[in-house]
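Trainee: Provided below for reference: sequence and predicted model.
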Amino acid sequence: MGNSFGHLFRITTFGESHGGAIGVVIDGCPPRIAIDVAEIQRELDRRRPGQSKITTPRQEADQCEILSGVFEGKTLGTPIMILVKNQDARSQDYSEMATKFRPSHADATYQAKYGIRNWQGGGRASARETIGRVAAGAIAKKILRQYANTEILAYVTRIKDISAQIDPSTVTLEQIESNIVRCPDPVVAEQMIRAIEAVRNEGNSVGGVIECVARNVPPGLGEPVFDKLEADLAKAILSLPATKGFEIGSGFAGTYLTGREHNDEFYMEGNRLRTVTNRSGGIQGGISNGEDIILRAAFKPTATILQEQQTVSVTGEVTTLKARGRHDPCVLPRAVPMVEAMVALVLCDHLLRQWAITPPSVPTDAY
């Protein structure tokens, strides 16, 4: 009922922000994929709270446990369950929110849908739910690397009105991870960090844009008509907490061009079909064309802020709310691995779907 994602590579996440644990069940993972817990943990460490001065100070190690589906370091082809226990919840900080709706949060809408909600830390609507996505994404990345040499990198390009111009074709993981805001431009990154610190001191928040590039994506991924690759990517990205916009390739900027200006002309590079430009963002007709897939996601300012705002109580009375608790003044630095994970899940799922048409060679150690 909305807690599962994917077709052949399918994940189901579970857990609430202040519950006992958060996790994911992955079904459809191919067998004999070498899985090291440390690989999953590296991705979770990039997502975890308390990692820098511009993230929430909630202290969670987010140590993952693989409970099923892996034996002697390799996947079995059976469901994989990954669990992360919550350890530093402070539910008392949310007691006022039990009776008051936070503006622009999921409180009122969850109440309208279910007639009940977990107000402790936002419950299921909390970004802690993305732990399961990032853990599953680490495995999807491994499959994509092993079978297609695909690399997926996301990075911050804008915080509020502070922008960086990044070349998606040359950006590296080392550049992205060189600073706490995860912007590959070190000069602009410092400006972003100062802006986030300033807004945090005001008890306020800011949003921005994350760009993502997927390199060495095989041509032919994507399904017409409703499962176009960019459509599934859009759903994946917009399912992340705090997202409000998605664009791929030229995006909205392409509307300022004519067809002659916008079209990606073809040429041959050896026996490979290439495009001179990449305004399509690596996808044409809903199917990957072998060029880099380039997309962008817009994240709104964090909804929970420490300034007094007008709201309404669960009984319909007009009141005010000044939130407490520990919250990110800007979600983007921690959202970078989330974006990468969702792109990896989509591409991995479509890779497996393509295998139904053109199967890969059987690994030499299969029997």
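Mentor: Now that the structure is in, tell me what you want to look at.
Trainee: end-to-end on stretch 112-128?
Mentor: Taking Cα to Cα, to the nearest Å, the first and last residues of stretch 112-128 lie 22 Å apart.
Trainee: how about stretch 13-27?
Mentor: One end of stretch 13-27 to the other measures 11 Å (Cα to Cα).
Trainee: same thing with stretch 256-275?
Mentor: From its first residue to its last, stretch 256-275 covers 21 Å (Cα to Cα).
Trainee: now do the buried residues in it.
Mentor: Residues of stretch 256-275 classed as buried by neighbour count (16 or more other Cβ atoms under 10 Å): His262, Asp264, Thr275. Where you see a C-beta, it was placed from the backbone N, CA and C, and this is true even at glycine.
Trainee: Gly28 against Leu8, yeah?
Mentor: Yes: between Gly28 and Leu8 there is a contact under Cβ atoms under 8 Å: 4.8 Å.
Trainee: list residues touching both of the two?
Mentor: Residues touching both Gly28 and Leu8 by Cβ atoms under 8 Å, 6 or more residues apart in numbering: Leu352.
Trainee: buried sites along the helix ranked longest in the chain?
Mentor: Assignment by DSSP state H gives helix 332-355 as the longest helix of the chain. Neighbour counts over helix 332-355 (16+ other Cβ under 10 Å) mark 332-354 as buried.
Trainee: just the helices in the stretch 1-150 of the chain please.
Mentor: Per DSSP state H, counting those that start in this stretch, the stretch 1-150 of the chain carries helices over the ranges 37-47, 107-114, 130-148.
Trainee: for this protein, give me the ranges with low pLDDT.
Mentor: For the chain, applying pLDDT under 70 flags the ranges 1, 88-93, 325, 361-367.
Trainee: what's the longest helix of the chain packed up against?
Mentor: Identification of packing neighbours for helix 332-355 by 3 or more Cβ pairs under 8 Å, 6 or more residues apart in numbering; DSSP states H and E yields helix 37-47, helix 130-148, strand 151-159, strand 208-215, helix 229-238, strand 293-299.
Trainee: tilt between the longest one and helix 332-355?
Mentor: Between helix 130-148 and helix 332-355, the angle formed by their directions is 50 degrees, by axes from the mean of the first three to the mean of the last three Cα atoms, to 10 degrees.
Trainee: returning to that earlier point: pick the most buried one from the helices of the stretch 1-150 of the chain.
Mentor: Highest mean neighbour count of the helices of the stretch 1-150 of the chain: helix 130-148, a mean of 23 (counted as mean count of other Cβ atoms under 10 Å).
Trainee: can I get that helix in CSV, CA atoms only?
Mentor: C-alpha atoms of helix 130-148 as CSV (Å, rounded to 0.1, in the frame of the first residue of the first chain):
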residue,chain,number,x,y,z
THR,A,130,15.1,6.7,3.9
ILE,A,131,17.6,4.5,5.8
GLY,A,132,16.0,1.5,4.1
ARG,A,133,16.2,3.1,0.7
VAL,A,134,19.9,4.0,1.1
ALA,A,135,20.7,0.5,2.4
ALA,A,136,18.9,-1.1,-0.6
GLY,A,137,20.5,1.5,-2.9
ALA,A,138,24.0,0.4,-1.9
ILE,A,139,23.2,-3.1,-3.1
ALA,A,140,21.6,-1.8,-6.3
LYS,A,141,24.8,0.3,-6.9
LYS,A,142,26.9,-2.9,-6.5
ILE,A,143,24.8,-4.7,-9.1
LEU,A,144,25.0,-1.8,-11.6
ARG,A,145,28.8,-1.6,-11.1
GLN,A,146,29.3,-5.3,-11.5
TYR,A,147,27.2,-5.8,-14.6
ALA,A,148,27.4,-2.4,-16.4
